[in-house]
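J.: Okay, here's the prediction I keep looking at, along with the sequence it came from:
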Number of protein chains: 2
Amino acid sequence: MADISPTGAPAEIATLLRWDGAGLVPVVVQDHSGGEVLMFAWADREALARTLASGQATFYSRSRKGIWVKGETSGHRQTVVEVRTDCDGDVLLYRVDAIGPACHQLRRSCFSNRVDRDGSVHCDRPVVS
Amino acid sequence: MADISPTGAPAEIATLLRWDGAGLVPVVVQDHSGGEVLMFAWADREALARTLASGQATFYSRSRKGIWVKGETSGHRQTVVEVRTDCDGDVLLYRVDAIGPACHQLRRSCFSNRVDRDGSVHCDRPVVS
């Protein structure tokens, strides 16, 4: 896919991104200080606009089919320090300050499962308070 | 989506993962030592099996419609230190040792574009040798 060509114009992100057929792009969420990859979700135009305006990580929930402000019910909000996109503009990266667990399993990161060379899977991350 | 329930059985990853309608899962690639998110790609069953067997980051190229061993032509290979998956098994994380740039733009990471609050986009990462 061709690379995007940013110009620095306000609001250009909405048209630079390659939204998929459902109007979504994947979002990788990374801890800003420690670098841990915390979770993976999706954003539509509104979720991204709200994230940029509010500084609170906001997604589109494919299961609930609507806007999802991370932590709105759990209290485990994520303050967005930086939003980035990749060379061809089909993925977003939210770099966040996260209070408590990012995962509904109450683990720091959703990526709690290690896959070994033999294809076996092992949950090796503790539950956090 | 329901969480996966790993048992530690060899080869279980192939059936635990929630492959999408095209038989793919997204892959987040992260630098093992520095934690930088380097790129985002996709894997099919074969790409994951090859990654686990060879220790070389291998993907499915949606544009070329085939297996893609990272660095096979560029020389910028990625040695996989760890493969992880998330709570509901619909994303993979490759933690890698990467020689040189991960991006075809010859930048360390593909996520070279910063998105500011006003929606403007700025490429703020240098080309590396």
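T.: Good, I have the coordinates. Numbering: from 1, shown residues only, chains lettered A, B, ... in the order given.
J.: can you give me the helices in chain A?
T.: Secondary structure of chain A (DSSP state H): helices located at A:13-16, A:45-54.
J.: Give me the mean pLDDT for the last one.
T.: Taken as a whole, helix A:45-54 has an average pLDDT of 98.
J.: List the buried residues for that helix?
T.: Residues A:45, A:47-52 are the ones in helix A:45-54 that count as buried (16 or more other Cβ atoms under 10 Å in any protein chain shown). In short, each C-beta sits where N, CA and C put it, glycine included.
J.: show me which of the residues you listed neighbour chain B.
T.: If you filter the buried residues of helix A:45-54 for contact with chain B, counting by Cβ under 8 Å from any Cβ of the partner chain, you are left with A:49, A:52.
J.: what would the helices of chain A look like in a markdown table with distance to residue A:26?
T.: Shown next, in a markdown table, are the helices of chain A (distance: least, Cβ to Cβ, whole Å):
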| stretch | distance to residue A:26 |
| --- | --- |
| helix A:13-16 | 15 |
| helix A:45-54 | 12 |
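J.: Let me know whether stretch A:19-30 sits next to chain B.
T.: Yes: using Cβ under 8 Å from any Cβ, stretch A:19-30 reaches chain B at A:26, A:28, A:30.
J.: What's the local residue count around whichever residue of chain A sits closest to chain B?
T.: Shortest chain A-to-chain B distance, computed as Cβ to the nearest Cβ: residue-wise this is residue A:35, at 2.5 Å. Here the number of neighbours of residue A:35 (other Cβ atoms under 10 Å in any protein chain shown) works out to 15.
J.: which ones are touching the nearest residue to it once chain neighbours are set aside?
T.: Nearest residue to residue A:35, sequence neighbours excluded (Cβ to Cβ, 6 or more residues apart in numbering or on different chains): residue B:35, at 2.5 Å. Residue B:35 is in contact with A:30, A:34-36, counting by Cβ atoms under 8 Å, 6 or more residues apart in numbering or on different chains.
J.: out of those, which is most surrounded?
T.: Sorting these by how many neighbours each has (other Cβ under 10 Å) puts residue A:30 first, at 26 neighbours.
J.: Confirm for me that that residue is in contact with residue A:40.
T.: No: using Cβ atoms under 8 Å, residue A:30 makes no contact with residue A:40, being 10.3 Å away.
J.: Quick check: which ranges of chain A have low pLDDT?
T.: Applying pLDDT under 70 to chain A picks out residues A:129.
J.: can you give me the strands in it?
T.: Listed from the start of the chain, chain A has strands (DSSP state E) covering A:25-31, A:37-43, A:58-61, A:66-69, A:78-85, A:92-98, A:113-115, A:121-123.
J.: relative orientation of the first one and strand A:92-98 in degrees?
T.: Orientation check (axes from the mean of the first three to the mean of the last three Cα atoms, to 10 degrees): strand A:25-31 against strand A:92-98 gives 30 degrees.
J.: Just checking: what are the partner strands of strand A:25-31?
T.: Strand A:25-31 sits in its sheet next to strand A:37-43 (antiparallel), strand A:92-98 (parallel), going by DSSP bridges.
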